[in-house]
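In: from the sequence below, what's the structure:
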Amino acid sequence: MPSDLEEGKAVFLANCAGCHGTDGTGHSPGGRALRPVAFNLAGFHIPPAVVWNALQHGVQGTSMPAWNELSGAEFKAVGDYVLSLANTPELRPGEQWATQDTLLLAGQRIFDTHCTLCHGENGAGDGPAARVYLPRPADFQQIKLSYPGAADVIHNGVPGSGMPPWPLLTPQEIQAVTYYMRSLYQGPAGDSAKTIAAKSARMEDMP
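Out: Residues are numbered from 1 along each chain as shown. Below is the predicted model of the structure:
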């Protein structure tokens, strides 16, 4: 592991693991006691700009505070480490319950039925009810889901947020709607790693 990620891991374990867990899944006693529960950093790939903003400003509507007391180097290191935790691989052929076309069609039907009110027709987190909730509904154009992470959220909901559980959806339906939501992903937008590094350097130079 590169030295900057080693530093990021040390900062993470000292400041973040109490809520997000040592593995970043949020399945720690402290993280599960929060409302909303701590975010699963390993189960979702989120844009660098979102990580930067959360560290700099906290996350409104959650227990996530700002971490501006960190030095610029620590700030960048822990941000890079958080980004490295995401594990969102494709389904292996033996794990798919149907063909890709079938998964896509079935997933879209489930999404249109249950998810668009909050997440919007295109999954951008801008549905008619989105403004009611803090934190805001997830933007699937900018967040790439893992199948286990999505299955946990869909089946159990996110206690303390506007995301309800959907326990009547079958594992096959959950896989299909996750497949569809992953198809909406457009990749990270906003700050690049270089921009974040520049911001970190500027923060370190501040009195």
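
In: ok, residue 137 - how many residues close by?
Out: A count of neighbours around residue 137, defined by other Cβ atoms under 10 Å, yields 23. (Glycine included, C-beta is placed from N, CA and C.)

In: which helix or which strand is home to it?
Out: Of the helices and strands defined by DSSP states H and E, none includes residue 137.

In: which ones are touching it?
Out: Shown in contact with residue 137 (Cβ atoms under 8 Å, 6 or more residues apart in numbering): 118, 119, 120, 125, 127, 130, 162, 163.

In: pLDDT value on residue 69, please?
Out: Per-residue confidence (pLDDT) for residue 69: 89.

In: hang on, the earlier thing: with respect to residue 86, which of the contacts of residue 137 is nearest?
Out: Closest to residue 86 out of the contacts of residue 137 is residue 125 (18.3 Å), distances taken as Cβ to Cβ.

In: confirm for me that residue 59 is in contact with residue 134.
Out: No. Using Cβ atoms under 8 Å, residue 59 makes no contact with residue 134, being 9.0 Å away.

In: the two: which is more packed in?
Out: residue 59 (18 against 12).

In: what about the more buried one, distance to residue 133?
Out: 13 Å (Cβ to Cβ, to the nearest Å).

In: same check, this time on residue 6
Out: Taken as Cβ to Cβ, the span from residue 6 to residue 133 is 37 Å.

In: can you get me a residue count around the nearest residue to residue 161 once chain neighbours are set aside?
Out: Among residues not flanking residue 161 along the chain, residue 36 sits closest, at 4.0 Å (Cβ to Cβ, 6 or more residues apart in numbering). The number of residues packed near residue 36 is 21, by other Cβ under 10 Å.

In: got the contact list for the most centrally placed residue in the chain?
Out: The centroid of the chain falls nearest to residue 44 when counting by Cα atoms, centre = their mean (4.1 Å). Residue 44 sits next to 86, 88, 143, 144, 145, 146, 149 when contact means Cβ under 8 Å, 6+ apart.

In: likewise residue 58?
Out: By Cβ under 8 Å, 6+ apart, the contact list for residue 58 reads 64, 65, 66.

In: out of those residues, who's the most crowded?
Out: Counting neighbours by other Cβ under 10 Å, residue 64 comes out on top of those with 20 neighbours.

In: ok, that one touching residue 53?
Out: No. If you go by Cβ under 8 Å, residue 64 and residue 53 don't touch, sitting 10.5 Å apart.

In: what is the burial count for residue 96?
Out: A count of nearby residues for residue 96, using other Cβ under 10 Å, gives 16.
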